[in-house]
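**Q** I need the structure of the sequence given here:
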Amino acid sequence: MTTPSDPLPTDLAVAHEMIVAQREMLRLAQSELTVSRLELERYKLMLAKARREQYGQSSERGRHLIEQLELAIEDLEETQAAEEAKIEVTAPEAVKEKRARTPRPPRRPLPDNLPVERIVEPPPCACGKCGGIRLRKLGEVVSKTLECEPRRWKIIEHVREKFSCRDCEAITEPPAPSHPIPRGFAGPSLLAMVLVSKFLLHQPLNRQSATYAREGIELDVSTLADRVGACVVALDPIIQAIRAYVLSAQRIHADDTTVPVLAKLKTVTGRIWTYVRDDRPFGGKDPPAAMFYYSRNRVADHPRDHLAGYAGIMQADAFAGFNGLYDAKRRPAPIIEAACWSHGRRKFFDLAKLSKSPIAAEAVRRIDELFEIERIINGKTPTERVAVRQQCVKPLVDDLEAWMRKQRDLLSPNGDPAKAINYILSRWAAFTRFLNDGRICLSNNAAERAIRGVAVGRRNWTFAGSDAGGHRAAAVYTLIETCKLNDVDPQAWLADVLARLPDHPASRIVELLPWNWKATRLAIAA
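**A** Residues are numbered from 1 along each chain as shown. Have a look, this model is predicted:
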């Protein structure tokens, strides 16, 4: 028997040294992983904070910060996975021992709606211990792997058999099936994929063409462009139906964003406008929807044309081009203005962040109190919302007004804090209208969320090729954003609708609107 003072046999000594070395390597690697995890958590915290403040930024800075943080987190997670893989290769036994002590949290289960391909491994022919061949099955161990096969292209042949009449020799054949677009050899699923790739995934047609070529399918950019244009024409009845539905709302959100447009070998700044109907914050049962428009510039004529005939409540920023819509002489009636507290808060937030202004910081704190109460009553009925606002919010708003007027008297009228205060006080009626109307939200975030996809795509396709391209983009954004608002897969919806539209009665076009389409699908599934 070997005592602690006796030297270890050679083989045991070598094995002991290897175990010690593995444990040291594991310790060092775990230290690096700990640092990496701490850094990852820090980035995630920063990302969460940036997302909360995304709609409180005065420019695109917040969105750029979010993208940078997302990329940093992605890189850190890749590095962490690589380090863990190295540890498993160099010190597998130590890793097993560590996992036995501290098991990982359970993985998210694999989707249960996917087809399953079962591969049964060949059973052993003999016992691995004694070599006996009399084996009986006790059960099975199943390990699951999520796999993805390359996209499968196919050609569908529609065969129409001809028949001749033996009595009169007339030739009879079935009618040709309807195509989603004229002169089109592309099926509805392919057309839907091209539209979604361009306008939802922000892949320009030249990149799509290159991708298809690598898969062995030659589709020229001009061919794809022809298909996109024809699809927009085919889908126009649904686009018009969505726009009419949005304009029938009691309250809408409005916003716009820039879009570079190619004109005479240079770009000019066009605009994409959005108007969103979303009654869910005040417990409305009608489904949400969004409509988009394009214009070459940002003048008052465009929103006036977009909203001709509308006479409800509009939540928007303080764009001067909207002022004509609020005019008491407007026909059929003036639009009721509801100002956005997020825009008002934004000016103070920037001052508090950049100049450390104590007045701005206090204004942000007071406005944040309003948003805290608003989160609690989100989804309640208008009556319930007004009751809470009158009891809890109105005293805060009255105190805020008195405080702002007092601070403004003490400030230089040309200073930034005074300008931020005047932005709210000069529109006080529009800012406080929500106190007496439960349908009005505190912010215009619904429109800003809807238009975010345009800003994301802008960095990929860089500019619209023409005014016509801008109008097409606005039309497709109307469809895609409405699908997203109703939790409908835009590609599945487009594929089905493009296949059905040619033979669908125009009088029943509302059946194909995303929310009705979804309800029909759910009823069939049930």
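
**Q** low pLDDT regions in the stretch 101-250 of the chain?
**A** Applying pLDDT under 70 to the stretch 101-250 of the chain picks out residues 101-107, 183-184.

**Q** in it, which spans are helices?
**A** Remark: helices assigned in the stretch 101-250 of the chain by DSSP state H, counting those that start in this stretch are 188-199, 205-214, 221-234, 236-246.

**Q** could you dump the ones you listed to JSON lines with mean neighbour count and distance to Glu511?
**A** Where C-beta positions appear, they are placed from N, C-alpha and C, glycine not excepted. Below are the helices of the stretch 101-250 of the chain laid out as JSON lines (neighbours: other Cβ atoms under 10 Å; distance: least, Cβ to Cβ, whole Å):
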{"stretch": "helix 188-199", "mean neighbour count": "22", "distance to Glu511": "17"}
{"stretch": "helix 205-214", "mean neighbour count": "15", "distance to Glu511": "31"}
{"stretch": "helix 221-234", "mean neighbour count": "17", "distance to Glu511": "16"}
{"stretch": "helix 236-246", "mean neighbour count": "17", "distance to Glu511": "10"}
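
**Q** Among those, which comes closest to Met291?
**A** Proximity to Met291 (Cβ to Cβ) singles out helix 236-246 among the helices of the stretch 101-250 of the chain, at 4.4 Å.

**Q** name the helices or strands packed onto that closest one?
**A** On a contact count with 3 or more Cβ pairs under 8 Å, 6 or more residues apart in numbering; DSSP states H and E, helix 236-246 meets strand 266-277, strand 289-295, helix 467-485.

**Q** So which residues make contact with that helix?
**A** With contacts defined as Cβ atoms under 8 Å, 6 or more residues apart in numbering, helix 236-246 is touched by 252, 275-277, 289-291, 475, 478-479, 482, 497, 501, 506, 509-510, 512-513.

**Q** Okay, buried residues for the host helix or strand of Asp398 please.
**A** If you go by DSSP states H and E, Asp398 is part of helix 394-410. Within helix 394-410, the residues that qualify as buried are 396-397, 400, 404, 408, counting by 16 or more other Cβ atoms under 10 Å.

**Q** want to throw those residues into JSON lines with pLDDT and distance to Gly284?
**A** Formatted as JSON lines, those follow (pLDDT from 0 to 100; distance: Cβ to Cβ, whole Å):
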{"residue": "Leu396", "pLDDT": "96", "distance to Gly284": "26"}
{"residue": "Val397", "pLDDT": "96", "distance to Gly284": "24"}
{"residue": "Leu400", "pLDDT": "96", "distance to Gly284": "28"}
{"residue": "Met404", "pLDDT": "95", "distance to Gly284": "32"}
{"residue": "Arg408", "pLDDT": "92", "distance to Gly284": "38"}
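
**Q** Tell me the one of those residues nearest Ala447?
**A** Set against Ala447, the nearest of these by Cβ to Cβ is Val397 (22.9 Å).

**Q** What distance do you get for Val116 to Lys144?
**A** Distance from Val116 to Lys144, counting by Cβ to Cβ, to the nearest Å: 9 Å.

**Q** If you could redo that for His504, that was the one I meant.
**A** Between His504 and Lys144 the distance is 41 Å, computed by Cβ to Cβ.

**Q** where exactly do the strands run in the protein?
**A** 163-164, 171-172, 251-263, 266-277, 289-295, 313-316, 336-339 (DSSP state E).

**Q** Return the most buried member of these.
**A** Comparing the strands of the chain by mean neighbour count (mean count of other Cβ atoms under 10 Å), strand 289-295 comes out on top with a mean of 25.

**Q** OK, contacts around the residue nearest to Lys347 when sequence neighbours are not counted?
**A** Counting by Cβ to Cβ, 6 or more residues apart in numbering, Lys347 lies nearest to Ala420, which is 3.9 Å off, once chain neighbours are set aside. Residues near Ala420 by Cβ under 8 Å, 6+ apart: 344, 347-348, 351, 360, 363.

**Q** In ChimeraX, select just the buried ones from those.
**A** In ChimeraX, this line selects whichever of the contacts of Ala420 come out buried by 16+ other Cβ under 10 Å:
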select :344,347,348,351,360,363
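
**Q** Same list (the contacts of Ala420) but as JSON lines, adding distance to Lys266.
**A** Putting the contacts of Ala420 into JSON lines (distance: Cβ to Cβ, whole Å) gives the following:
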{"residue": "Gly344", "distance to Lys266": "36"}
{"residue": "Lys347", "distance to Lys266": "33"}
{"residue": "Phe348", "distance to Lys266": "38"}
{"residue": "Leu351", "distance to Lys266": "36"}
{"residue": "Ala360", "distance to Lys266": "39"}
{"residue": "Ala363", "distance to Lys266": "42"}
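
**Q** I'd like the contacts of Ala420 laid out as TSV, including pLDDT and distance to Lys198.
**A** Formatted as TSV, the contacts of Ala420 follow (pLDDT from 0 to 100; distance: Cβ to Cβ, whole Å):
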residue	pLDDT	distance to Lys198
Gly344	92	37
Lys347	89	36
Phe348	93	39
Leu351	89	40
Ala360	92	42
Ala363	94	43
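
**Q** for the contacts of Ala420, which one is nearest Gly438?
**A** Closest to Gly438 out of the contacts of Ala420 is Gly344 (20.3 Å), distances taken as Cβ to Cβ.

**Q** Looking at His504 and Lys144, which is more packed in?
**A** His504 (16 against 8; other Cβ atoms under 10 Å).

**Q** Excluding chain neighbours, what is closest to that one?
**A** Leu512 (6.5 Å).

**Q** ok, now which ones touch the one you found?
**A** Counted by Cβ under 8 Å, 6+ apart, Leu512 has contacts 238, 497, 500-501, 504.

**Q** Out of the helices of the stretch 101-250 of the chain, the one nearest His158 is which?
**A** Closest approach to His158 among the helices of the stretch 101-250 of the chain (Cβ to Cβ): helix 188-199, 13.4 Å.

**Q** gap between stretch 389-408 and the chain center?
**A** Centre-to-centre, stretch 389-408 and its host chain are 35 Å apart (Cα atoms, centre = their mean, to the nearest Å).

**Q** can you pull the buried residues of stretch 467-476?
**A** For stretch 467-476, a neighbour-count test (16+ other Cβ under 10 Å) marks 467, 469-470, 472-476 as buried.

**Q** can you list those in CSV and add pLDDT?
**A** CSV is the format used below for the buried residues of stretch 467-476 (pLDDT from 0 to 100):
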residue, pLDDT
Asp467, 81
Gly469, 83
Gly470, 86
Arg472, 89
Ala473, 90
Ala474, 93
Ala475, 94
Val476, 94
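
**Q** These into a markdown table, with extra columns for distance to Pro174?
**A** A markdown table is the format used below for the buried residues of stretch 467-476 (distance: Cβ to Cβ, whole Å):
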| residue | distance to Pro174 |
| --- | --- |
| Asp467 | 43 |
| Gly469 | 39 |
| Gly470 | 42 |
| Arg472 | 35 |
| Ala473 | 39 |
| Ala474 | 39 |
| Ala475 | 34 |
| Val476 | 34 |
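
**Q** ok, those vs Leu442, which is closest?
**A** Ala474 (27.7 Å).

**Q** wait, the closest one sits on His302?
**A** No. With contact defined as Cβ atoms under 8 Å, Ala474 does not reach His302; the gap is 11.4 Å.
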